[in-house]
Structures are given as C-alpha cells and as structure tokens.
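Peer 1: got a predicted model here, sequence first, then my questions.
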Amino acid sequence: MALLGLCATVSTANVFAADAPQSSAPANGVTMILITVACVLMLVIGMLGSVLIGAAQYYLDRLKERTKASTSAAKAVMIAGLCLITPVAFAGEGTTDEKTTLEVVSTTIGGMSKGSFYLLTGVIALEVIIMLGMLYFVQQLIAKEKAEVAVELRAAKEPAWKKWWAKMNSFRPVHEEKALALDHNYDGIVELDNNLPPWWLYGFYACILFSFIYIYRFHVSHSAPSTIQEYEIAVADAEKEKAEYLKSSANKVDETTVTLLTDATDLGEGKKLFGSSCAPCHGAEGQGVVGPNLTDDYWLYKGSVKDVFKTIKYGIPEKGMKSWKDDFSPVQLAQITSYIKSLQGTKPANAKEPQGELFKDEATATTGSINTADRKLAIR
C-alpha cells in the first residue's frame with residue numbers, strides 16, 4: 001500500500017517538474033500541501049485496509065462462509081485504479097515556453113494549473129470517500145461480531161435440558177421457514193419440508209429392534225409365555241384368590257352377594273334355626289300360621305334368594321316381623337334363607353292360602369358350601 005502511494009506521489013512530482021519554469025513559491029507550497037495530504041490519506045487508507053482485512057478474516061474464519069480472496073482482490077483493483085488515474089491525468093499537463101504570463105495566470109489556481117489542482121483535490125476526495133467506506137465496513141463487522149457474541153452468551157446461559165430438548169426436536173428458526181416451504185398451501189396453511197425430530201426416529205428404530213427380540217422370544221424360542229398363556233395363568237390365579245377370599249370372608253355375606261346353599265349341612269343348620277325362631281309364625285313345615293305360607297310360589301315381598309335374605313335381615317316392622325340381623329350372623333341368615341327356599345313345592349298339610357304375588361325364580365341354583373370351621377366360628 002505504501003509503495004503504491006509513493007509511486008503515485010512520484011508521478012505527480014514528475015508532472016509538476018515540467019511546469020517548474022512557471023511556478024512560484026505559493027504554487028510550490030500548495031502543491032506540497034496537497035501532495036502531503038494525499039500521502040497521509042493514502043497511509044490512513046492502508047492502515048484501515050489492514051484493520052478491515054484482519055477483522056474480515058477473523059469474521060470469515062468464524063463463519064466460514066466467505067473467502068479472503070474477494071476482499072483482497074477488491075482492494076488491489078481499487079489501489080491499482082488510483083495509481084493508473086494519477087499518472088494519466090498528470091500526463092496531459094505539459095507546458096511550453098510559448099505561453100504568455102496572462103495565459104498562465106488565467107489557467108492556474110494558487111500558482112498551480114487547474115488540471116493539477118482539480119486532480120489532486122479529486123484524489124484527496126476519493127481517498128476520503130474510500131476511508132469513510134472502510135470505516136463503515138469495520139463498524140458493520142464489529143456490530144456483527146457483537147451480535148454473535150451476545151447470541152453465544154445467551155446460549156451458554158441456557159440450561160442443559162433446554163439445549164438437549166432443542167437438539168432432540170431439531171427445531172428450525174422461524175426465518176428459515178421460507179426455505180423449507182413447499183408448494184402445498186391449504187387455506188393459508190403452508191406445508192414445510194421439515195425433517196423428523198431425532199427422538200421420533202430413535203423411537204422408531206428402537207421399536208424395530210424390539211420387534212425382532214419379541215418375535216424371537218415369544219414365537220421362535222418360546223422362552224416366555226405368550227399373551228394367551230399369560231391370560232390363562234392370570235385367570236387360574238384369580239380363581240385361587242377368589243376361593244381364598246370366599247373362605248376368609250364367609251361372614252361378609254349380604255343381600256347383594258348371598259347365594260343359594262344346597263349343601264346338606266347348611267340346610268340342616270338352617271332348619272334348626274328356622275324351627276327355633278321362625279316356626280312360631282310360619283309353622284314347623286313353613287305352612288304358615290300368623291305369617292304367610294312359605295311353601296307356595298306366592299310372596300308378599302318377592303321370593304328370590306336375595307329378597308328373602310333381605311326380608312329376614314331387616315324384617316317387616318309394620319307387619320310385626322322383627323329384624324334378625326342382630327340375632328344371627330350373615331352365614332346363619334344365608335342358611336335360613338336357603339332352607340326356606342328348599343320348602344317351596346313341599347305342600348304340607350293344613351297349608352295357609354297363598355298371599356301376595358306369584359313369583360317364579362328363574363335363577364339357576366348355584367352350589368355353595370361354607371368352610372366348617374368358619375361356619376362354627378360364625379355360629380358362635
């Protein structure tokens with residue numbers, strides 16, 4: 001840069017040397033001032049150029065989007081243009097001894113020819129413009145660098161889970177949507193050519209791998225039970241648990257869970273309890289005395305197992321029948337109910353006339369028995 005500026009200065013000096021016979025002291029002073037200003041500006045431009053090249057190189061190294069060649073080439077072309085302009089312009093400023101003093105005065109500015117003066121001032125103006133342009137570009141590079149540093153600082157302050165989440169979802173910034181947009185537009189909704197998020201792809205690959213393991217384990221090697229076998233095992237376990245529950249919860253029978261007992265022991269216990277508590281009103285054979293006949297198909301308060309159990313448990317106070325829930329356990333109430341149901345159709349002698357409504361029990365009797373130890377415990 002300094003060498004090129006020196007060449008331009010020498011060229012200018014040579015041109016002025018041709019006009020030496022007609023120049024004066026003021027002319028030489030103005031010439032030297034203009035040349036000095038031009039050289040100083042050239043040096044400033046050189047320094048700014050070095051700064052600009054260094055800043056641009058640093059910026060390009062970080063972004064890796066541009067090359068250094070374009071900047072260097074532009075600078076070389078600019079300086080070469082200046083060097084070519086200077087000697088060509090001054091070359092046309094030759095003088096002859098035939099000019100008169102009047103002509104010299106009329107064609108000079110401060111003792112310099114107008115061409116030389118305008119050329120030097122034009123060079124200085126061009127150098128000022130170039131210097132201002134370089135300053136502007138340096139300022140722009142600094143502003144971009146500050147913006148990138150601010151973004152990096154914000155990214156560094158973000159929690160690790162946010163960075164991980166953004167990476168797993170492969171989020172794209174909003175300003176890139178135009179580059180991703182397809183030609184499909186549905187009522188203002190634009191379809192984007194976006195990649196699937198990594199978590200979705202990883203999950204899909206994991207499912208494929210799991211399918212191979214599953215098929216081999218359950219359908220090839222049979223090292224584990226299939227879903228049907230698991231169901232059958234679960235049902236068998238549930239039946240065992242149900243049986244254990246029924247054994248341990250015999251006294252939890254109520255009007256919603258009671259079932260008809262057909263075991264001879266249960267019916268025998270029910271007959272004893274009926275004879276000591278229910279016979280005075282309903283007869284020893286259930287033929288009916290004060291209370292209704294229990295051997296026919298007519299019932300005042302329905303005749304299903306649950307209904308009969310409920311009637312015995314809570315009684316009918318308005319008809320004079322007491323509640324037996326405080327006198328008998330749930331097991332004993334179930335035994336009395338089952339015995340009463342066993343009397344239907346026996347047709348004892350001197351049976352009382354039917355009362356209530358005809359009831360046909362369509363439910364299928366279910367066989368049930370109560371553990372002897374639990375029954376004795378409940379009776380006590």
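Peer 2: Yep, it's here. Because the structure is a prediction, the values reported are computed rather than measured. Numbering: from 1, shown residues only.

Peer 1: show me where this protein has helices.
Peer 2: Taking DSSP state H, the helices of the chain run over residues 2-18, 25-63, 68-91, 101-106, 114-157, 160-169, 177-180, 198-215, 227-248, 264-277, 279-282, 305-314, 330-342, 372-379.

Peer 1: save these as a markdown table, and put in mean neighbour count, mean pLDDT and distance to residue 298 too.
Peer 2: For every residue, glycine as well, the C-beta is placed using N, CA and C. Converted to a markdown table, these look like this (neighbours: other Cβ atoms under 10 Å; pLDDT from 0 to 100; distance: least, Cβ to Cβ, whole Å):
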| stretch | mean neighbour count | mean pLDDT | distance to residue 298 |
| --- | --- | --- | --- |
| helix 2-18 | 15 | 42 | 130 |
| helix 25-63 | 16 | 73 | 100 |
| helix 68-91 | 14 | 46 | 112 |
| helix 101-106 | 11 | 48 | 150 |
| helix 114-157 | 14 | 79 | 88 |
| helix 160-169 | 11 | 78 | 76 |
| helix 177-180 | 11 | 76 | 83 |
| helix 198-215 | 11 | 93 | 63 |
| helix 227-248 | 11 | 87 | 33 |
| helix 264-277 | 17 | 90 | 19 |
| helix 279-282 | 16 | 88 | 14 |
| helix 305-314 | 20 | 90 | 13 |
| helix 330-342 | 24 | 90 | 14 |
| helix 372-379 | 14 | 41 | 32 |
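
Peer 1: closest to residue 256 out of the ones you listed?
Peer 2: helix 305-314 (6.9 Å; Cβ to Cβ).

Peer 1: and the contacts of the closest one?
Peer 2: Residues from elsewhere that reach helix 305-314, judged by Cβ atoms under 8 Å, 6 or more residues apart in numbering: 254-256, 258-260, 299, 301, 321, 323-325, 333-334, 336-338, 340-341, 361, 363.

Peer 1: next, format the helices of the chain as a markdown table and append distance to residue 289.
Peer 2: A markdown table is the format used below for these (distance: least, Cβ to Cβ, whole Å):
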| stretch | distance to residue 289 |
| --- | --- |
| helix 2-18 | 139 |
| helix 25-63 | 109 |
| helix 68-91 | 122 |
| helix 101-106 | 160 |
| helix 114-157 | 95 |
| helix 160-169 | 84 |
| helix 177-180 | 94 |
| helix 198-215 | 72 |
| helix 227-248 | 36 |
| helix 264-277 | 13 |
| helix 279-282 | 6 |
| helix 305-314 | 17 |
| helix 330-342 | 15 |
| helix 372-379 | 26 |
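
Peer 1: closest one to residue 191 among those?
Peer 2: Going by Cβ to Cβ, the one of those nearest residue 191 is helix 177-180, 9.2 Å.

Peer 1: quick one: contacts of that closest one?
Peer 2: 172, 190, 192-194.

Peer 1: ditto for stretch 152-169
Peer 2: 197-199.

Peer 1: domain ranges for this structure?
Peer 2: 2-94+106-157, 251-379 (automatic domain parsing).

Peer 1: need the contact list for residue 357.
Peer 2: Counting by Cβ under 8 Å, 6+ apart, residue 357 makes contact with 298-300.

Peer 1: again but with residue 194, I slipped
Peer 2: By Cβ under 8 Å, 6+ apart, the residues touching residue 194 are 172, 180.

Peer 1: how about the backbone phi and psi for it?
Peer 2: Backbone torsions for residue 194, taken as degrees, to the nearest 10, come to phi -90, psi 150.

Peer 1: and it, what pLDDT?
Peer 2: On pLDDT, residue 194 comes in at 79.

Peer 1: check the one 3 residues further on too.
Peer 2: Residue-level confidence at residue 197 comes out at 85, pLDDT.

Peer 1: residue 176 versus that one, what's the distance?
Peer 2: Computed as Cβ to Cβ, to the nearest Å, the residue 197 to residue 176 distance reads 16 Å.

Peer 1: for these two, indicate the residue with more neighbours.
Peer 2: residue 197 (14 against 11; other Cβ atoms under 10 Å).

Peer 1: wait, that one touches residue 170, no?
Peer 2: Yes - counting by Cβ atoms under 8 Å, residue 197 does reach residue 170; the two are 5.2 Å apart.

Peer 1: perfect, that will be all.
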